[in-house]
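> Okay, sequence plus prediction incoming.
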Amino acid sequence: MIHKALTIAGSDTSGGAGLQADLKTFQERGVFGMTAITVIVAQDPHNGWFHDVFPIELSLLEKQIETVLAGIGVDAAKVGMLGSTEIIELVARKIDQYNVRNFVIDPVMVCKGADEALHPETNEALRDILVPKALVVTPNLFEASQLSGMAPIKTVDEMKEAAAKIHEKGAAYVLVKGGGKLTSEQAAVDVLYDGKNFELLQSEKFSTSFTHGAGCTYSAAITAELAKGREVKEAIHTAKAFITEAIRHSFALNQYVGPTNHAGYRLSGQ
């Protein structure tokens, strides 16, 4: 049986993040991946790897989504970088129209290395329009603070508070990714909340900056497992192991960036 997944996300020209990371992850997890491109991100090697973001026309994005959801069908879908309120509204309509149940939101608000939201005006739309439709939403610390309305998150207790606030917006499961960003923790820590219970997901913490595409990869692994019919918590635990090995085997691509290694889980014998 062929399991199918759709990613509605940005295209990372350097190949480590965005829909490229999603497709590599889908392939590694035995799922057939399809795409709808929201933006194209190019990096400028003549200007310190500055990220240029080029949006795709809304009507073209809709045709891509229709190709997959109307023409083929999916077992799961995820979103990454969306970039505008209009895109968020379009995706929400299509998720409803085609009754996509296994829907994962990776609420991408910045490019790796940036410290401000790409489009601050879309954060409210993402929170109010799209998050209520999510089976799983996977914010990092910055994104969780934006979605929850909290100050910068620095502790596990604050991660739990943010997860609860985001769950109140309608997402069934909230996975706040602390990863290696919590300096007070010896492990890479994520917090999972299902509306009743909090669970800490802990793994080895690596001293590396080669984490380009980690969030995309993590959420894509969850999406792939859901597409195969896995229960949500089982899917998330498998994805946590997958991203841990992807970071363990990460590498330098050039002097500016190092991506996770999407074959890492397989290379580790898992």
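Arrived safely.

> sec struct for residue 169, please.
With DSSP: H, G, I helix; E, B strand; the rest coil as the basis, residue 169 sits in coil.

> Setting aside sequence neighbours, what's the nearest residue to it?
residue 131 (4.7 Å; Cβ to Cβ, 6 or more residues apart in numbering). Backbone N, C-alpha and C define where each C-beta goes, glycine included.

> right, and that neighbour touches residue 104 too?
No: counting by Cβ atoms under 8 Å, residue 131 does not reach residue 104; the two are 11.4 Å apart.

> Might one say that residue 24 is in contact with residue 264?
No: taking contacts as Cβ under 8 Å, residue 24 lies outside contact range of residue 264: 10.8 Å.

> picking that back up, so which of residue 131 and residue 104 has more stuff around it?
Using other Cβ atoms under 10 Å, the more surrounded residue of residue 131 and residue 104 is residue 104, with 31 against 23.

> From residue 263, how far off is the more buried one?
According to Cβ to Cβ, to the nearest Å, residue 104 and residue 263 sit 22 Å apart.

> where does the stretch 101-250 of the chain have low pLDDT?
Within the stretch 101-250 of the chain, the set of residues satisfying pLDDT under 70 comprises 110-120.

> Show me the common contact partners of residue 131 and residue 104, please.
Common neighbours of residue 131 and residue 104 are listed as residue 137 (criterion: Cβ atoms under 8 Å, 6 or more residues apart in numbering).

> which residues sit in contact with residue 126?
Contacts of residue 126 (Cβ under 8 Å, 6+ apart): 82, 88, 105, 107, 147.

> A strand includes it, no?
No: going by three-state DSSP, the assignment for residue 126 is helix, not a strand.

> Report how many residues lie close to residue 187.
For residue 187, the tally of surrounding residues (other Cβ under 10 Å) stands at 15.

> Go ahead and list the helix or strand containing the residue lying closest to it once chain neighbours are set aside.
Closest residue to residue 187 apart from its sequence neighbours, by Cβ to Cβ, 6+ apart: residue 202 at 4.2 Å. Assigned by DSSP states H and E, residue 202 belongs to strand 198-203.

> Give me the contacts around that strand.
Taking Cβ under 8 Å, 6+ apart as the rule, strand 198-203 contacts 156, 160, 163, 175, 187-193, 233, 236-237, 240-241, 244.

> In contact with the residue nearest to residue 169, which residues?
By Cβ under 8 Å, 6+ apart, the contact set of residue 131 is 105, 107, 137, 147, 166, 169-171.

> how about these, which pair is most distant?
Farthest pair in the contacts of residue 131 (Cβ to Cβ) is 107 and 170. Separation: 13.5 Å.

> quick one, which of those two is more surrounded?
Neighbours per residue (other Cβ under 10 Å) separate residue 107 from residue 170, with residue 107 holding more: 27 against 14.

> The more buried one reaches residue 147, doesn't it?
Yes: using Cβ under 8 Å, residue 107 is in contact with residue 147, at 6.4 Å.

> Now list whatever residues contact both of these two.
With Cβ under 8 Å, 6+ apart as the test, residue 107 and residue 147 both reach 126, 131, 137, 139.

> Present those residues as JSON lines; the columns should include distance to residue 207 and secondary structure.
As requested, these are exported to JSON lines (distance: Cβ to Cβ, whole Å; DSSP: H, G, I helix; E, B strand; the rest coil):
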{"residue": "126", "distance to residue 207": "32", "secondary structure": "helix"}
{"residue": "131", "distance to residue 207": "33", "secondary structure": "helix"}
{"residue": "137", "distance to residue 207": "28", "secondary structure": "strand"}
{"residue": "139", "distance to residue 207": "24", "secondary structure": "coil"}
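
> Just name the closest of these to residue 16, please.
For the shared contacts of residue 107 and residue 147, the nearest to residue 16 is residue 139 (19.9 Å; Cβ to Cβ).

> Sweet, I'm off.
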